[in-house]
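Enquirer: Model the following, please.
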Amino acid sequence: MKPTLPARGGRIDATQGSIVRSLIRLAGPILTSNVAMVVYGVSQMLWLGRSGADAVAVVAIGMPIMVFCWAIGDGFVMGGAALAARYAGSGDDRAVNRVAGHVVLLVLAYYFLLAIVAVPIMERVVIFIGTPADIASDVALFVRILLLGMPLTEIFYAYSALLQGIGNSVTPMKMFTAAMLANMVLDPLLILGIGPFPALGVGGAAAGIIICRGVAAVMCVFLLMRGTHGVKLTWDDLRLDATLLRRLGKLSLPIGGERLLQGAEQIVLVSIVAGFGAGALAAYGVGTRILSLAIMPGFAVGTAVTTLVGQNLGARRPERGEQATWTSGGLTFLLLTVLGVGMAVLAEPLISLFNAEPEVLQHGIVMLRILGPTVGLFGVFVAFGGTYRALERTGAYLVWVLISSWLIKIPLALIFPAQLGTPGIWLAIAVSNLLGASGTGLHLKRCFAPAAGEAKPVLR
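Expert: Residues are numbered from 1 along each chain as shown. Model prediction:
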């Protein structure tokens, strides 16, 4: 058995010691990074609001388009992080570097190709999805600027994810926080045109993202070449390996598919809620934003679990990987359930912070009271996704996303409201949360269970 990589450069060895302590040390900085992104998003919306209502609408329409554009790239990044975690657990730093080299090449190739294909047709795309004609050109401009900058900026995300995979979540936290703070300073200058800067509106918002994250990406390339944080690239690491490419593709493409399914699900849910009027739609928007704050720790745990389980599988300690899965899932359920129940109890004051109109309050209070207690279940579903990535069973998790979203949630959201009105939509989401968490839990138990006559768990 190979020794694990030495815990240098802020790296955590999750193959020994307290699982809870390792989870907190990994997930805490990831959660901080997520909070920094949320704070930045709120700040950007405030400045765009001063630029005009149309500017806010442009970004509100443009960002879901970007979610689809990011889906496949995210798959390569997250799949690479899962593989890096395995190799870190086995102590094979050479393989970690090879994975990093292939992730960098795949990310660059994907976003270059995406920019070439999507930029010329973007205006037709935004019109096709129903964007109002008076802002269609602005939405296309916003998305085009981001698309052209992504081959560089996404290296920033790739490097951060690879560091998280080998157990270093503190350095990405510092990088994300610095980039978000810089973006918050630059946004008012470029959006509103302060001092010598021209007022660029939504174009300024997109340019600010590219500038700040582009600078961070250049720094990441420099750090990769020097190997400062335990991942070092040489020209040999950029030489394509067909076997590694196949493994990365098998691991990564289902993650991209998962992202696409979830993005499409949100679009369909919005259209269903919109059928009940502007008040219901406003309540859904407010309620979703509130619940997303409670769910945020679940996404941080999901990323941390990939590292925890992956390192232990690489170190040939699957029993500890299984223990990390159930410990992480249990803690996530308890924490998020407490947060969700608290939001259900405080539903009225929370909704009224955003909108106190009677119709919005009525719909929003019911939404939080139904969905709040099930936040922990959705958090478990997300956290278990991290284990599927570590097990290299992302295809199985894609199937669970398909079942949860498109065979349970969407059909029930279409059926239940006929008798229950908008509460039927919230109930459909709650049922999906319950069945998704319990289904993945039972399946993972089988993945880790010993086969007949074997001493070791069946992991593939």
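Enquirer: residue contacts, residue 313?
Expert: 86, 89, 321, 390, 391, 459 (Cβ atoms under 8 Å, 6 or more residues apart in numbering). To be clear about C-beta, it is placed using only N, CA and C from the backbone, and glycine gets the same treatment.
Enquirer: at 10 Å what do you get?
Expert: Shown in contact with residue 313 (Cβ atoms under 10 Å, 6 or more residues apart in numbering): 15, 82, 85-86, 89-90, 320-322, 387, 390-392, 457, 459.
Enquirer: where's it, which helix or strand?
Expert: helix 278-314 (DSSP states H and E).
Enquirer: ok, now residue 383?
Expert: Residue 383 belongs to helix 375-390, assigned by DSSP H and E.
Enquirer: Quick one: distance of that helix to the chain centre.
Expert: 12 Å (Cα atoms, centre = their mean, to the nearest Å).
Enquirer: just stretch 100-115 next, same as before
Expert: For stretch 100-115, the distance to the chain centre is 19 Å (Cα atoms, centre = their mean).
Enquirer: if we can go back for a sec, and the angle from the helix holding residue 313 to helix 375-390?
Expert: 40 degrees (axes from the mean of the first three to the mean of the last three Cα atoms, to 10 degrees).
Enquirer: What residues sit buried inside helix 278-314?
Expert: Neighbour counts over helix 278-314 (16 or more other Cβ atoms under 10 Å) mark 279-288, 290-291, 294-314 as buried.
Enquirer: Just give me how far it sits from the chain centre.
Expert: 8 Å.
Enquirer: Can you name the element that comes right after that helix?
Expert: Tracing the chain past helix 278-314, the next element assigned as helix or strand by DSSP H and E is helix 318-345.
Enquirer: how close does residue 369 sit to residue 291?
Expert: Applying Cβ to Cβ, to the nearest Å, the value for residue 369 to residue 291 is 12 Å.
Enquirer: next one: residue 66
Expert: For residue 66, the distance to residue 291 - Cβ to Cβ - is 22 Å.
Enquirer: which residues touch the spatially most central residue of the chain?
Expert: When Cα atoms, centre = their mean is applied to the chain, the residue found nearest the centroid is residue 299 (6.8 Å). Residue 299 makes contact with 27, 30, 31, 34, 292, 379, 382, 383, 385, 386, according to Cβ under 10 Å, 6+ apart.
Enquirer: Buried among those residues? Need that as a selection in PyMOL.
Expert: Of these, the buried ones can be selected in PyMOL as follows, counting by 16+ other Cβ under 10 Å:
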select buried, resi 27+30+31+34+379+382+383+385+386
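Enquirer: can you list the contacts of residue 299 in TSV and add pLDDT and distance to residue 112?
Expert: Formatted as TSV, these follow (pLDDT from 0 to 100; distance: Cβ to Cβ, whole Å):
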residue	pLDDT	distance to residue 112
27	92	33
30	91	28
31	90	32
34	84	28
292	85	32
379	95	36
382	95	31
383	95	34
385	95	28
386	94	29
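Enquirer: So which of the contacts of residue 299 is the closest to residue 363?
Expert: Closest approach to residue 363 among the contacts of residue 299 (Cβ to Cβ): residue 292, at 17.3 Å.
Enquirer: May I have the residues that are in contact with the nearest residue to residue 392 once chain neighbours are set aside?
Expert: Using Cβ to Cβ, 6 or more residues apart in numbering and skipping residues adjacent in sequence, the residue nearest residue 392 is residue 251, 5.3 Å away. With contact set as Cβ under 10 Å, 6+ apart, residue 251 has these partners: 75-76, 78-80, 82-83, 389, 391-395.
Enquirer: same thing but 6 Å
Expert: Listed by Cβ atoms under 6 Å, 6 or more residues apart in numbering, the contact partners of residue 251 are 79, 392, 394.
Enquirer: any idea which helix or strand carries it?
Expert: helix 242-274.
Enquirer: got the buried residues for that helix?
Expert: For helix 242-274, a neighbour-count test (16+ other Cβ under 10 Å) marks 247-248, 251-261, 263-265, 269, 272-273 as buried.
Enquirer: the inter-axis angle of it versus helix 278-314?
Expert: Helix 242-274 runs at 160 degrees relative to helix 278-314, counting by the same axes, to 10 degrees.
Enquirer: quick check: mean pLDDT across helix 242-274?
Expert: The pLDDT scores in helix 242-274 average 88.
Enquirer: Then stretch 125-143?
Expert: What stretch 125-143 shows for mean pLDDT is 83.
Enquirer: for the residue nearest to residue 48 when sequence neighbours are not counted, what are its contacts?
Expert: Nearest residue to residue 48, sequence neighbours excluded (Cβ to Cβ, 6+ apart): residue 55, at 4.3 Å. If a contact means Cβ under 6 Å, 6+ apart, then residue 55 has 48, 201, 202 as its contacts.
Enquirer: Which single one of the contacts of residue 313 is nearest to residue 167?
Expert: residue 85 (7.6 Å).
Enquirer: Which strand or helix spans the closest one?
Expert: Element membership for residue 85, per DSSP H and E: helix 53-90.
Enquirer: For the following helix or strand past that helix, buried residues please.
Expert: Following helix 53-90 in sequence order, the next helix or strand is helix 93-128 (DSSP H and E). Buried positions in helix 93-128, judged by neighbour count with 16+ other Cβ under 10 Å: 93, 95-108, 110-111, 114-115, 118, 122-123, 125-126.
Enquirer: name the helices or strands packed onto helix 93-128?
Expert: Helix 93-128 sits against helix 53-90, helix 133-165, with contacts defined as 3 or more Cβ pairs under 6 Å, 6 or more residues apart in numbering; DSSP states H and E.
Enquirer: Relative to residue 409, which of these is closest?
Expert: The minimum distance between residue 409 and the helices and strands packed on helix 93-128 falls on helix 53-90, with 17.8 Å, by Cβ to Cβ.
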